[in-house]
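K.L.:
can you look at this prediction? I've put the sequence above it.
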Amino acid sequence: MTKLLELKDLKQLVERNKDQNPELNAALIVAAAIWGVKSGELSKIEIADVLVPKGVLKKKWVLRKEIAFNKCARELFTEHESLVEYLNAYLVFRINKKQKVTNSGEYRGLDPESKLFLDPGGEPFKFSRRETDNKVNLQPTGMNAYFKKLITNAGLLGVTYKDFRRSLAIQMYREGSRKTGVVKDIMKYLGIRSYSAMRKILSGGPKMLHDMIKGIHKKI
């Protein structure tokens, strides 16, 4: 059964993961909650995807087709107050720790091709090769394991990474309940093509798309 992550759950995740790597943990938790990306996508986002060369966070950016799970690019928003706050704090942390920095004055001195989120050792989250039916797939085992640890630390029983994405869809639907075409907008934001798949996610209660993102969870 899907666990709907409410504001109190996200606050609990952030608060109970402050002992080690608090900047990384908070940024990851809120990014997963607001962007609704899959863990493999979250692992592959790069600095240049979300920052302009002058170093400012983009309010709207494109998840490139090269890293999208369905190979289709889609637009995501970074207008949520808490997401901006935690991402900026994490980027300051990276700069202070000299994680993937350059001598360039662009992108805040961070390597634009480096991954946005690095593991506690300052390296990209690892992928594992899995072969099924003569096809080789890369599984985001590093990111999945890290989120499992965050969730365990927070004491949220039965929660998995997938619940961040499902919860975002439900919360967006509730926020935009009076907007025509809200389901189509949410599907576009999350990269979902099948209405039947979307119906399985939604269980409850549509605003313009960017207003939905800004309205949910308020202040984490």
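P.N.:
Cool, the structure landed.
K.L.:
for the helix or strand where Ile95 lies, name the packing helices and strands.
P.N.:
In this assignment (DSSP states H and E), Ile95 forms part of helix 81-96. Other elements packing on helix 81-96 under the criterion 3 or more C-beta pairs under 8 Å, 6 or more residues apart in numbering; DSSP states H and E are helix 22-35. (Glycine included, C-beta is placed from N, CA and C.)
K.L.:
contacts for the helix it packs on next, please.
P.N.:
Contacts of helix 22-35 from elsewhere in the structure, counted by C-beta atoms under 8 Å, 6 or more residues apart in numbering, are 5, 10, 13-14, 17-18, 37, 39, 42, 76-78, 80, 82-83, 86-87, 89-90, 92-93, 117-118, 120, 146-147, 150, 161, 164-165, 167-168, 213, 216-217, 220.
K.L.:
so who does the spatially closest residue to Val101 that is not a sequence neighbour touch?
P.N.:
Closest residue in space to Val101, ignoring its immediate chain neighbours: Gly109 at 5.2 Å, by C-beta to C-beta, 6 or more residues apart in numbering. Shown here is Gly109, whose contacts under the criterion C-beta under 8 Å, 6+ apart are 95, 101-103.
K.L.:
change it to 7 Å
P.N.:
Contact partners of Gly109, counting by C-beta atoms under 7 Å, 6 or more residues apart in numbering, are 95, 101-102.
K.L.:
pLDDT score for it?
P.N.:
In the prediction, the pLDDT value recorded for Gly109 is 98.
K.L.:
got the CA coordinates for stretch 213-220 in CSV?
P.N.:
Written as CSV, here are the backbone C-alpha positions of stretch 213-220 (Å, rounded to 0.1, in the frame of the first residue of the first chain):
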residue,chain,number,x,y,z
ILE,A,213,4.6,23.0,-6.9
LYS,A,214,4.8,26.2,-4.9
GLY,A,215,1.7,25.4,-2.9
ILE,A,216,2.5,21.9,-1.5
HIS,A,217,4.2,21.3,1.8
LYS,A,218,4.8,25.1,2.2
LYS,A,219,7.8,25.2,4.5
ILE,A,220,9.7,22.0,5.2
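K.L.:
residues of that stretch that come out buried?
P.N.:
For stretch 213-220, the buried set under the neighbour-count rule, 16 or more other C-beta atoms under 10 Å, comprises 213-214, 216-217, 220.
K.L.:
what do you get for stretch 128-142?
P.N.:
140-142.
K.L.:
ok, the residues you listed vs Lys126, which is closest?
P.N.:
Proximity to Lys126 was ranked across these by C-beta to C-beta; first place goes to Gly142, at 3.7 Å.
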